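Chemist: Sequence first, predicted model second:
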2 protein chains.
Amino acid sequence: MNQASPETFRAFEAATGKPIEPDYSSSTLEDVERACAAAEGAFDTYRELPADKRASFLEAIGDEIMAIGDDLLERAHKESGLPMARLTGERGRTVGQLKLFAEVVREERWRGVRIDPALPDREPAPRPDLRLRMIPLGPVAIFGASNFPLAFSTAGGDTASALAAGCPVVIKGHPAHPGTDTMVFEAMKRAASKTGMPDGVVNHLTGASNEIGGALVQNPHIAAVGFTGSRGGGLALQRLAQQRDVPIPVYAEMSSVNPVVLMPDALAADAEKLGKGFVSSLVMGAGQFCTNPGLILAIDGDDLRTFEAAAAEALKGQKAQTMLTTDIAKSYSEGAKRLSGAPGIEELARGEAGDGVTCDAARLFAASGAAVKDHPELLEEVFGASSLIVRCADMDELRDLLRDLEGQLTATLYMKDGDAEEAATLVPILERTSGRILVNGWPTGVEVAHAMVHGGPYPATTDARTTSVGTLAIDRFLRPVSYQALPERLLPAELRDDSSAPRMVDGKPA
Amino acid sequence: MNQASPETFRAFEAATGKPIEPDYSSSTLEDVERACAAAEGAFDTYRELPADKRASFLEAIGDEIMAIGDDLLERAHKESGLPMARLTGERGRTVGQLKLFAEVVREERWRGVRIDPALPDREPAPRPDLRLRMIPLGPVAIFGASNFPLAFSTAGGDTASALAAGCPVVIKGHPAHPGTDTMVFEAMKRAASKTGMPDGVVNHLTGASNEIGGALVQNPHIAAVGFTGSRGGGLALQRLAQQRDVPIPVYAEMSSVNPVVLMPDALAADAEKLGKGFVSSLVMGAGQFCTNPGLILAIDGDDLRTFEAAAAEALKGQKAQTMLTTDIAKSYSEGAKRLSGAPGIEELARGEAGDGVTCDAARLFAASGAAVKDHPELLEEVFGASSLIVRCADMDELRDLLRDLEGQLTATLYMKDGDAEEAATLVPILERTSGRILVNGWPTGVEVAHAMVHGGPYPATTDARTTSVGTLAIDRFLRPVSYQALPERLLPAELRDDSSAPRMVDGKPA
């Protein structure tokens, strides 16, 4: 042991805060070295496996996760406090995500093959044969998220997309759910073994020490980082990555208040219904979604007050759910308390406290547009079931507030036909603010699909050019290489003339 | 004026070091503010212009550049010292590049449209309609390069790709060629006016002050940076960009020694011819290419010595050409002198000095693999016509040296059929080292093509995931946005059902 942290650690039952058996060993700095070296050792073999083999590996991970059965869900429930139904859905999403990436891998579009054939007779100079493909960056460090113990942790979206791209992974399990993490990692190991993957394609680190995570990001074998979590955590990893001798990309999905604009006609028609729907989205999963609606913007007036009243009424009846960890619950309580006492803010409603140690009540606040303009700190995310309604004087004020918002994962418009003209003027603002724009739907559902963007301008993420959910996420772990005048036998298989990989020839699909 | 630098400045004739008429005014910090605000003001209009209008603008820039006629080439020749023939070619490349990006814009593949239609009957939950497109990042700051006064300066590759992506530009002209820069910028203004572009789509800053460049990168309206130049310059801009409240991507193409491996059979067959060809590539443009072959690696022996002798002989007859600026010439002389006196190094040959003040002689050095391993500073780039031959003990030593190299723009193999087996084992190493791999050609020609990569791992560039030459460069200035359940009238045109923009539907080309 060369670290200050204890040799073993345990999970805590989310609902009671009590430690749960068994002990898990904390990784050491030597373990980091070993894991990264193993990933590096696997890289050249793994990245050149035929697409079908890599795809089968991803599918096998899904199968092995299912094969664990209910033990996995029960352990995840204990460790995270998330309801079984949610976890069952999340497992389905995790396995579906792996299968979707398997499909993507097989179709080989991610290879981005481009061929510009030689033009030996071109004047004034001949053109050489040029062929381009995307290659994986190298071993990827992945940090499990607290709020998705399955779909954004050990075998979650970052892992699936990195493995799909051809990158071995070194996974730092989230210390709040070591049991879930370990079960899933063991499933990955079985899948790797059954499908004949090279040793070191998947690697695992455990423990609560930040030192281990820092060493992982700074290890010279690591070529990129995937992270979902707090802004503080994401930015710390980003700084470490930038300080390396060779800086590497960090894909950190950090925080967002996910503005929802209620347009006048929509409010006029559906104020009550919207108020209830809003609260359902707000309290889902104890509000512990990156896309939780933490900010409502509307023009002040009777309709908005009707919405507020309906939302307040609905919220009051909500009994608080167990939060993921005592730390998260503590942050939530502090954030909610800070808002309660803040200048210009009105507490509209508070839900019921829950039974567990981590079940502080949901909160609903309101403030004027002017107050928010004077106190932009009111707009900071409170991770959990807390939301702020901003009563704007008019559409100009609303528009200005939207324009000044920090980068967001999502932005939503509730609207009717009569709002369309005004709404159209908001779309360009929302595009610059966020990664996903929704109409007439709450942002908390994130489809794993081809056209999904779960990303957005800083500080929603560290890199707005990508997404961490959906098939486009594979591009995060690739870079282009051009091959000039290589003889056929030296060319990678997918760049040869006889390959069936999709390709652009002279800039046209061929 | 709120800056220390003088109000006006002049260019210097490269060949004589003497100032040339007329005076050019130095931009102030207010000019930076004004230019960036103008670019921001143009953004929302420019980015939503139909593809064809944007393409016509790019073509018109090319036409207006041609319409300047020989005055442009003559001024560029005076300011840069580059020969007229080279500049004529470079102008063709610049105009061709603009036309190629116009084609790319028209084909609309850069929009990356993806549609996942709604699945209202899906169980357990319906899927909403999801549509994704790439949108431009925002105004882009572009720094003109000293070594390509046309093709990588004012209307060069960075500008063409940023404008193609839909980003207004703020161009900081290179202070070594203000006349060339200004003529080209005026051509851009005429093109913008003739094709009805919004005011502020192209903006211009001048002067030799680093303060202006720094303020430009830190201006909150700027969303990305394109730069080609020294490592020091690129990293300084990168640091400034990372320190912003909202960090932005910097695409800096910085430095490379462009290793060339001479495989045994190639050397055995063609040592002399290769030696001569090498020197032609080395001295081209006074060695002032990013892809200049600054490092030769081969197994020591009679064949390598024959290559060396031929190269030395060829180099001795080379009269030094005018370098771009006195500063660059000074750095070159210092770098060459440093190598001359370095431990373990042998100076094989020196060319003739040239007639001008900036015409230090070309240099050729040799060292053993062991010496280079002990003194990795020998591998640092000397920008200009200087190259180092590394005599390796065997293929293992050569392979280790390749593996330990810093990131490179290019890596080249000279080989014959008999070398293929060994060469194939080097390709995976070269892929991780560089952005372009060549066989049996010198790296100094960079095609503007679809399958080109002019990029590579750090520190060749600040971002290995891209290229600064070729059509893939447009992707640097785009990010994805997803639109969920938007009514048709709110959808951007290219996401509507009736659009002809190429698209993927449910992950398949449609």
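Modeler: Yep, it's here. Numbering: from 1, shown residues only, chains lettered A, B, ... in the order given.
Chemist: quick one: contacts for residue A:87?
Modeler: A:73, A:76-77, A:80, A:149-150 (CB atoms under 8 Å, 6 or more residues apart in numbering or on different chains). All C-beta atoms are positioned from the backbone trio N, CA, C, and that covers glycine.
Chemist: in what helix or strand does residue A:251 lie?
Modeler: According to DSSP states H and E, residue A:251 maps onto strand A:250-253.
Chemist: So which elements touch that strand?
Modeler: Secondary-structure packing of strand A:250-253 (3 or more CB pairs under 8 Å, 6 or more residues apart in numbering or on different chains; DSSP states H and E): strand A:224-228, helix A:231-243.
Chemist: before we move on, what SS does residue A:437 have?
Modeler: Following DSSP: H, G, I helix; E, B strand; the rest coil, residue A:437 is assigned to strand.
Chemist: burial count for it?
Modeler: Residue A:437: 24 surrounding residues under other CB atoms under 10 Å in any protein chain shown.
Chemist: hang on, isn't it packed against residue B:485?
Modeler: No - Residue A:437 lies out of contact with residue B:485 (CB atoms under 8 Å); the separation is 9.5 Å.
Chemist: Between the two, which contacts overlap?
Modeler: With CB under 8 Å, 6+ apart, residue A:437 and residue B:485 have no common neighbours.
Chemist: How about the closest residue to chain B within the stretch 201-350 of chain A: what's its closest non-neighbour residue?
Modeler: Closest to chain B within the stretch 201-350 of chain A is residue A:246: 5.0 Å, counting by CB to the nearest CB. Nearest residue to residue A:246 in three dimensions, chain neighbours excluded: residue B:458, at 5.0 Å (CB to CB, 6 or more residues apart in numbering or on different chains).
Chemist: where exactly do the strands run in the stretch 401-510 of chain A?
Modeler: All strands of the stretch 401-510 of chain A, identified by DSSP state E, counting those that start in this stretch, fall at A:408-414, A:434-439, A:478-484, A:503-505, A:508-509.
Chemist: what does the last one contact?
Modeler: Strand A:508-509 is touched from outside by A:502-503, B:509, with contacts defined as CB under 8 Å, 6+ apart.
Chemist: So which of these wins on neighbours?
Modeler: residue A:503 (23 neighbours).
Chemist: Spell out which residues sit in contact with that one, please.
Modeler: Residue A:503 is in contact with A:113-115, A:509-510, counting by CB under 8 Å, 6+ apart.
Chemist: Equivalent analysis for residue A:80, please.
Modeler: A:14, A:87, A:146, A:149, A:176-177, A:180, A:324.
Chemist: same thing but at 10 Å, please
Modeler: Residue A:80 is in contact with A:11, A:13-15, A:86-87, A:90, A:146-150, A:153, A:174, A:176-177, A:180, A:285, A:288, A:322-325, counting by CB atoms under 10 Å, 6 or more residues apart in numbering or on different chains.
Chemist: Next step: these restricted to helices.
Modeler: With helices taken from DSSP state H, the overlap with these comprises A:86-87, A:90, A:180.
Chemist: Got the domain ranges for chain A?
Modeler: Annotated domains of chain A cover A:31-254+A:464-495, A:259-439 [automatic domain parsing].
Chemist: want to throw those domains into CSV with distance to residue B:106 and mean pLDDT?
Modeler: Listed next are these as CSV, based on distance: least, CB to CB, whole Å; pLDDT from 0 to 100:
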stretch, distance to residue B:106, mean pLDDT
domain A:31-254+A:464-495, 18, 97
domain A:259-439, 22, 96
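Chemist: Residue B:400: which of those is closest?
Modeler: domain A:31-254+A:464-495 (15.3 Å; CB to CB).
Chemist: Return the distance of the closest one from the chain's centre.
Modeler: Between the centre of domain A:31-254+A:464-495 and the centre of its chain there are 13 Å (CA atoms, centre = their mean, to the nearest Å).
Chemist: How many residues are close by the residue nearest to residue A:356 when sequence neighbours are not counted?
Modeler: Spatially, and ignoring its direct neighbours in sequence, residue A:356 is nearest to residue A:15 (4.1 Å; CB to CB, 6+ apart). The number of residues packed near residue A:15 is 19, by other CB under 10 Å.
Chemist: And residue A:15, how far from residue B:237?
Modeler: Residue A:15 is 51 Å from residue B:237, where distance means CB to CB, to the nearest Å.
Chemist: Which of the helices and strands packed on strand A:250-253 sits closest to residue A:360?
Modeler: Using CB to CB, the helices and strands packed on strand A:250-253 put helix A:231-243 closest to residue A:360, at 20.5 Å.
Chemist: got the angle for the closest one vs helix B:231-243?
Modeler: Relative orientation of helix A:231-243 and helix B:231-243, computed by axes from the mean of the first three to the mean of the last three CA atoms, to 10 degrees: 180 degrees.
Chemist: residue ranges of the strands in the stretch 201-350 of chain A, please?
Modeler: Counting by DSSP E, counting those that start in this stretch, the strands of the stretch 201-350 of chain A are A:202-205, A:224-228, A:250-253, A:259-262, A:295-299, A:345-350.
Chemist: isn't residue A:18 right next to residue A:12, touching?
Modeler: Yes - with contact defined as CB atoms under 10 Å, residue A:18 and residue A:12 form a contacting pair (6.5 Å).
Chemist: Find residues that contact each of these two.
Modeler: residue A:357.
Chemist: out of these two, which sits in the busier spot?
Modeler: residue A:12 (21 against 11).
Chemist: now that one, which residues is it bridged with?
Modeler: Under DSSP bridges, the beta-bridge partners of residue A:12 are residue A:19.
Chemist: What's the separation between it and chain B?
Modeler: Distance of residue A:12 to chain B, given as CB to the nearest CB, to the nearest Å: 31 Å.
Chemist: same question, residue A:81
Modeler: Residue A:81 is 22 Å from chain B, by CB to the nearest CB.
Chemist: what do you get for residue A:355?
Modeler: Taking CB to the nearest CB, one finds residue A:355 at 28 Å from chain B.
Chemist: Help me confirm that that residue comes into contact with residue A:15.
Modeler: Yes - assessed by CB under 10 Å, residue A:355 is found in contact with residue A:15 at 7.6 Å.
Chemist: Spell out which residues are contacts of both of these two.
Modeler: What both residue A:355 and residue A:15 touch, as defined by CB under 10 Å, 6+ apart, is the set A:321-322.
Chemist: For the helix or strand hosting residue A:99, list every residue counted as buried.
Modeler: Using DSSP H and E, residue A:99 sits within helix A:84-107. Within helix A:84-107, the residues that count as buried by 16 or more other CB atoms under 10 Å in any protein chain shown are A:86-87, A:89-91, A:93-95, A:97-102, A:104-105, A:107.
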